[in-house]
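Peer 1: sequence first, then the predicted structure, then my questions.
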Amino acid sequence: MAIENRLLEVNNLEVGFRFGEVYHNAVDGVSITLDKNEILAIVGESGCGKSTLATAIIGLHDPLNTKISGEIIYNDLDLTNLSEKLYNKIRGNDIGMIFQDPLGSLNPVMTIYDQIAESLIYHSELNEKERRARVLELLNQVGIPRPEQVMKSYPHELSGGMRQRVVIAIALANKPPVIIADEPTTALDVTIQAQILDLMKEIQAETESGIILITHDLGVVAETADRVAVMYAGQIVEEAPVDVLFNDPKHPYTRSLLKSVPHELEEGEELHVIQGSVPPLEELPRTGDRFRNRVPWLPDEAFDENPQLTEIAPNHKVRGNSWKHFYFEGEEDQKWV
């Protein structure tokens with residue numbers, strides 16, 4: 001997409017957490033872009049660094065225990081160099097965040113009105129009457145019935161779906177160009193999930209905002225995203241337009257994730273399970289192919305010593321060359337030679 005539509009650019013971002021005197025990178029050399037009117041999905045198992053990437057972009061890490069390097073470029077500003085005072089002017093106004101746990105992210109002793117209005121007080125010059133009108137507008141926009149009554153309520157008085165809509169309303173209050181949605185449907189039932197996803201797509205179409213959607217639900221990605229970045233062990237291992245990624249996945253991890261999606265099984269077929277799990281942060285391999293130990297049937301020769309993210313087709317990037325030799329265990333006819 002043209003550079004003039006570029007909203008956000010992350011270059012070689014590293015986010016390390018301190019364990020004693022040593023920092024271990026949870027995000028390790030990640031580069032992504034986000035354009036206007038685009039939904040970029042970032043997918044992977046728990047522990048892959050997705051939420052750490054999101055919170056680094058919005059500046060929510062403790063600088064005493066976190067080390068960040070690389071660039072997060074927004075409006076020609078490198079956000080990694082901003083003071084907390086300057087970041088507060090951007091957070092909520094230019095970049096909105098939808099958290100995965102609405103009950104945990106809402107203040108239990110503040111009314112819904114006060115929580116939405118707080119962002120307007122900080123970032124706008126609206127008077128009390130105008131703020132009230134804006135809060136009602138937002139509650140209507142996110143599909144909350146009886147908004148006059150709901151805005152007087154406290155979070156515990158609302159259902160999970162209603163609370164998530166309130167969190168979305170807070171994120172949208174100042175019409176930010178960039179919205180980060182971290183697992184926005186995780187705790188919701190299927191019907192409410194669909195409503196929240198439809199709402200996000202409507203908001204994007206109306207405001208031309210760019211949305212970073214953090215999720216492990218590939219069904220949500222297929223329905224919602226324009227582009228997908230697959231993360232494993234702190235790195236992007238594959239990036240492609242959504243239709244390309246689902247129809248022609250390359251990296252062994254991407255293929256394994258897609259094969260693991262629950263579906264109607266044929267007679268004798270078993271649901272695929274990826275061997276092992278994402279290593280703990282302090283045990284993460286820092287050399288070679290980080291997915292190597294989870295596909296033990298492939299020989300060492302199939303993996304690069306230092307796999308790089310390279311473009312193998314227009315807008316389709318894959319890390320390393322193991323995808324050229326990969327086959328699933330038991331597929332003897334595709335055995336690597």
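Peer 2: In hand now; what should we look at? Residues are numbered from 1 along each chain as shown.
Peer 1: how about the strands in this protein?
Peer 2: In the chain, the strands defined using DSSP state E lie at 6-19, 22-35, 39-43, 66-74, 77-78, 95-98, 178-182, 210-215, 227-232, 235-241, 309-313, 316-319.
Peer 1: biggest helix in this structure, by residue count?
Peer 2: Ranked by number of residues, the top helix in the chain under DSSP state H is helix 190-207.
Peer 1: tell me the bridge partners for Arg319.
Peer 2: Under DSSP bridges, the beta-bridge partners of Arg319 are Leu309.
Peer 1: now do it, the pLDDT please.
Peer 2: If you check Arg319, the pLDDT there is 97.
Peer 1: residue ranges with poor pLDDT in the stretch 51-200 of the chain?
Peer 2: 187 (pLDDT under 70).
Peer 1: can you give me the helices in it?
Peer 2: Here the stretch 51-200 of the chain has its helices, by DSSP state H, counting those that start in this stretch, at 84-90, 102-105, 112-123, 128-141, 147-150, 160-172, 190-207.
Peer 1: and for the fifth one, what are the contacting residues?
Peer 2: Applying CB atoms under 8 Å, 6 or more residues apart in numbering, the set of residues contacting helix 147-150 from outside is Ile112, Val135, Leu136, Leu139, Asn140, Ile144, Leu158, Met162, Val166. Where C-beta positions appear, they are placed from N, C-alpha and C, glycine not excepted.
Peer 1: re earlier: neighbouring contacts of the longest helix of the chain?
Peer 2: Contacts with helix 190-207, where a contact means CB under 8 Å, 6+ apart, come from 37, 39, 141-143, 160-161, 164-165, 168, 172, 175, 179, 181, 184-185, 188, 209, 211, 213, 220, 223-224.
Peer 1: and what of stretch 19-30?
Peer 2: Stretch 19-30 is contacted from outside by 10, 12-17, 49, 52-53, 56, 67, 70, 231, 233-236, 281-282, 284, 286, using CB under 8 Å, 6+ apart.
Peer 1: may I see the buried residues of it?
Peer 2: Neighbour-count burial for stretch 19-30, counted by 16 or more other CB atoms under 10 Å, picks out His24, Asn25, Ala26, Val27, Asp28, Gly29, Val30.
Peer 1: and the fourth one, bridged to which residues?
Peer 2: Read that as Val27. Residues in a beta bridge with Val27, per DSSP bridges, are Val15.
Peer 1: which residues does the closest residue to Arg163 other than its chain neighbours contact?
Peer 2: Leaving aside its chain neighbours, Arg163 sits nearest to Pro102 (3.8 Å; criterion: CB to CB, 6 or more residues apart in numbering). Contacts for Pro102 were tallied using CB under 8 Å, 6+ apart; they are Pro155, Gly160, Arg163, Gln164, Val166, Val167, Ala187.
Peer 1: for the residues you listed, give me CSV that also has distance to Ser322 and neighbour count.
Peer 2: Output for these, formatted as CSV (distance: CB to CB, whole Å; neighbours: other CB atoms under 10 Å):
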residue, distance to Ser322, neighbour count
Pro155, 46, 21
Gly160, 41, 14
Arg163, 43, 22
Gln164, 38, 30
Val166, 44, 25
Val167, 39, 26
Ala187, 35, 17
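Peer 1: quick check, nearest of the residues you listed to Glu130?
Peer 2: Ranked by distance to Glu130 (CB to CB), those are led by Val166 at 19.8 Å.
Peer 1: look up how far Asp101 lies from the closest one.
Peer 2: Separation of Val166 from Asp101 (CB to CB, to the nearest Å) stands at 13 Å.
Peer 1: list the contacts of stretch 235-242.
Peer 2: Contacts of stretch 235-242 (CB under 8 Å, 6+ apart): 28-32, 41, 49, 221-222, 225-231, 245, 248-251, 253-254, 290-291, 309, 315-320.
Peer 1: these, buried ones only, as a ChimeraX selection?
Peer 2: The buried subset of the contacts of stretch 235-242, as determined by 16+ other CB under 10 Å, is captured in ChimeraX by this line:
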select :28,29,30,31,32,41,49,221,222,225,226,227,228,229,230,231,245,249,250,251,253,254,290,291,309,316,317,318,319,320
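Peer 1: alright, calling it a day.
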